[in-house]
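Visitor: Kindly return the folded structure for what I paste below:
(one chain, ligands or ions: 2)
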Amino acid sequence: MLAPAHVIEHIGGVARGAQLGAFGIDRHGLARAVRGGSIIRVRAGVFALPHTPNDIVIAAEHGGSVTCMSALRLHGIWALDGASTLHVWMGANGRVHHDGCPCVSHWYGGATTLGLAPVEDVLVHVLRCQGEEAFFAALESALQQRKVRSTTRLGRSIPASARWLVDLARDDAGSGLESLLRLRLHLLGLHLECQVSLSGVGRVDFVVDGRIILEVDGAEYHAGRTSRHRDLQRDAAASRLGYETLRFDYAMVMHHWPVVQAAVIAALVRAAR
Ligand SMILES: [Zn+2]
Ligand SMILES: [Zn+2]
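Guide: Residues are numbered from 1 along each chain as shown. Ligands and ions are numbered 1, 2, ... in the order given. Have a look, this model is predicted:
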C-alpha cells in the first residue's frame, strides 16, 4: 500500500477518503496513519498533512477549496488587498459546513475540489468578487511569473465587458504598484513607461506620456535609495531635459488616488503649454 501521506502530498495536501481509496488506501490504513501522526483528519472522510497550509485545511473543513484573494497569496501572486478573510470556493452545488465563521463563501460554478483552486479559476473569482483593479494587478503578477501562459481561455471565462483588461495586461510588470498605475492612467488615456533610463538622470520609476516623471517612494524600486540630495540632483537634471518630476509615496498612489491623478493631469497641462 502507498503511504497515505505520500498520496495526499501528491494530490495537493488534502484529500477525501474516496480519492485515497482509488490508490488502494482503506479506512484502516487511514486510521493507522492518523494515529501515527503522518496525516490529520480534517472532518469525516477528509484528510490533510500536518504541514498543509491552514487556509487549505479550513476550506476543506467547509467542503471547498481556497480561492480568490486567499488563493493569490498561496500561489505567490501579488494581491491588492491585505485582508486576511478566507475566501472559499464551494462550487455551484456545494454544501457549506460552517457556522458563524467569517469566511467568504463563493458559490461560483465549475468543478471545485478540495485544496487550492487553480490560478485561472482564482483570477476569474477575483474579478467577480474584488473587481477590475484587483484582477488586473493579480493577472499581471501571474503573467510575470509565468503562472498563466496563455490568456485565451481566461479571456473566454470572464465577461466580454472585462476582456479589455486581459488585452491591456503585460507579462513584464515589475510590481503591483506598476500594474495599478498602468490601469488607472490608461483609463485617463495616458501611457505609462516603467524603469526608464534618462541620460544624466539615471533610471526613473515611471514616465507618463513622455513628459512627466513619477517617482514613488516606498515602492520596491527604492530599496537603498533614500538620499534626498541625490533625488534633488536627479530632479534638476530631469528638469533640464524638459521633464517635470512628481513624487508620491506608495500609500498616496494606493489610497489617495484622486490627489495623485489631479497632480499628474495638472502637470501634463503645464507641459503642453
Ligand atoms: Zn466559514
Ligand atoms: Zn472572494
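
Visitor: How are the helices of the stretch 51-200 of the chain distributed by residue range?
Guide: For the stretch 51-200 of the chain, applying DSSP state H, counting those that start in this stretch gives helices covering 54-62, 68-75, 119-130, 132-144, 152-157, 163-168, 176-186.

Visitor: Contacts for the last one next, please.
Guide: Read it as helix 176-186. Helix 176-186 is contacted by residues 78-80, 132-133, 136-137, 140-141, 165, 168-170, 173, 191-192, 194, 206, 208, 214, 216, 219-220, 250, 253-254, 257, 261, 264 when judged by CB atoms under 8 Å, 6 or more residues apart in numbering. Backbone N, C-alpha and C define where each C-beta goes, glycine included.

Visitor: Any buried residues in that helix, and which?
Guide: By 16 or more other CB atoms under 10 Å, the buried positions in helix 176-186 come out as 176, 177, 178, 179, 180, 181, 182, 183, 184, 185.

Visitor: And the fourth one, by the same measure?
Guide: Of all the residues in helix 132-144, those buried under the rule 16+ other CB under 10 Å are 133, 134, 135, 136, 137, 138, 139, 140, 141, 142, 143, 144.

Visitor: so the fifth one touches residue 81, yeah?
Guide: No: when contacts are counted by CB atoms under 8 Å, residue 137 is not listed as touching residue 81 (9.8 Å).

Visitor: Now tabulate the helices of the stretch 51-200 of the chain in TSV and tack on mean pLDDT and distance to residue 46.
Guide: Output for the helices of the stretch 51-200 of the chain, formatted as TSV (pLDDT from 0 to 100; distance: least, CB to CB, whole Å):
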stretch	mean pLDDT	distance to residue 46
helix 54-62	92	5
helix 68-75	94	18
helix 119-130	96	20
helix 132-144	96	28
helix 152-157	92	28
helix 163-168	96	35
helix 176-186	93	34
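
Visitor: JSON lines please, covering those helices and showing distance to ligand 2.
Guide: Shown next, in JSON lines, are the helices of the stretch 51-200 of the chain (distance: least, CB to the ion, whole Å):
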{"stretch": "helix 54-62", "distance to ligand 2": "12"}
{"stretch": "helix 68-75", "distance to ligand 2": "3"}
{"stretch": "helix 119-130", "distance to ligand 2": "3"}
{"stretch": "helix 132-144", "distance to ligand 2": "9"}
{"stretch": "helix 152-157", "distance to ligand 2": "16"}
{"stretch": "helix 163-168", "distance to ligand 2": "17"}
{"stretch": "helix 176-186", "distance to ligand 2": "17"}
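
Visitor: how about the ones you listed in JSON lines, adding distance to residue 86?
Guide: What follows is the helices of the stretch 51-200 of the chain, written out as JSON lines (distance: least, CB to CB, whole Å):
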{"stretch": "helix 54-62", "distance to residue 86": "6"}
{"stretch": "helix 68-75", "distance to residue 86": "5"}
{"stretch": "helix 119-130", "distance to residue 86": "12"}
{"stretch": "helix 132-144", "distance to residue 86": "16"}
{"stretch": "helix 152-157", "distance to residue 86": "23"}
{"stretch": "helix 163-168", "distance to residue 86": "25"}
{"stretch": "helix 176-186", "distance to residue 86": "21"}
